[in-house]
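Asks: Predicted model follows, preceded by the sequence.
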Amino acid sequence: TFSKRLMQNLFMGIKGKYIMRSLGEASDMAIAGDLSMMYQVTEQFSVGWSLNNVMGMVIGKTNDKLLSSSTIGIAHKEKDLTFTLDSKDNFNEWHVGIESSFIKILPLRFGVNNNELCFGGGLNLGMIQFDFAYVMKELGSNIGFSSNICFGENMNVAQQNKIENYIKEAKELLSYDYFYMAKRKFENILILDPSREEVTAIINRLNIALPRVDSSLEKELSTWDKLKQALDLYENNKNKEALTILEEIQKTNSGNRFIINIIDEIRKKIK
């Protein structure tokens, strides 16, 4: 599986599947994929759609086909409870589910699949997850088990690390009066976590200030690497080389107060 945020509230996921099936002496194998989209309307409420078994291919001694299906659903999460409702195949099937995660590592689930009741749970150990479900069917009951191994950082940890890096980079840009680039970093934070009210407040203040700044995002992007190079030379007491680069930057980004001040400071040292 692979998932990615496309826009601030829009997500996409794709999944590849390999399936083995057998009944008596007949058996086959199937390869297929799923495509899913989710839109987060609010922090608690989201809408999703999935297309299952896209371009499914069956290999074996049977004439069975792997049928495609489409599902649309909604979910509402409130603290440790999640409620879901979805419909499949042109609203011919309805599913309702509830998940309780009062104990984080032991989620419990209950649902109705058309007229069939089901319940289950899981064991969440971080990198490794186990799930089971018991479905009460008309012709008997089914028990299902699954396990997942997750590679890489926990999504929450990875997201928090990325946010902290953006904050650090934005503060550095602000210290050099690179306001347009700083604003873009803050906007990246809101893409990851739209609930950050303090970041929204900073962006609002920048929006008020930017019309008074004699610069642009294009100017800042074109001179940022040169500025870092000049500052590195300055720290190594190569004042003349640093001054040459800074004066070149000033021709493009003439309204930057930090550059004006450091040029004056270097000129005094050279004299």
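Replies: Ah, there it is.

Asks: going forward, measure contacts and count neighbours with C-alpha atoms only.
Replies: Will do.

Asks: Output the contacting helices and strands for the helix or strand residue 144 falls within.
Replies: Residue 144 belongs to strand 140-149 when assigned by DSSP states H and E. Where contact means 3 or more Cα pairs under 8 Å, 6 or more residues apart in numbering; DSSP states H and E, strand 140-149 is packed against strand 128-137.

Asks: So what are the sheet partners of the strand it packs on and their directions?
Replies: strand 116-124 (antiparallel), strand 140-149 (antiparallel) (DSSP bridges).

Asks: following the strand holding residue 144, which helix or strand shows up next?
Replies: Counting by DSSP H and E, what follows strand 140-149 is helix 155-175.

Asks: how far out from the middle of the chain is the strand holding residue 144?
Replies: Centroid separation between strand 140-149 and its chain, computed with Cα atoms, centre = their mean, to the nearest Å, is 28 Å.

Asks: Identify all contacting residues around that strand.
Replies: Strand 140-149 has contacts (Cα atoms under 8 Å, 6 or more residues apart in numbering) with 127, 128, 129, 130, 131, 132, 133, 134, 135, 136.

Asks: Please name the nearest non-neighbouring residue to the first one.
Replies: It stands for residue 127. Take residue 127 and drop its neighbours on the chain: the residue closest to it by Cα to Cα, 6 or more residues apart in numbering is residue 150, 5.0 Å away.

Asks: Enumerate every residue touching the one you found.
Replies: 126, 127, 128 are the contacts of residue 150 under Cα under 8 Å, 6+ apart.

Asks: any chance of these in CSV, plus distance to residue 80, neighbour count and pLDDT?
Replies: Formatted as CSV, the contacts of residue 150 follow (distance: Cα to Cα, whole Å; neighbours: other Cα atoms under 10 Å; pLDDT from 0 to 100):
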residue, distance to residue 80, neighbour count, pLDDT
126, 17, 12, 75
127, 21, 12, 80
128, 21, 12, 88
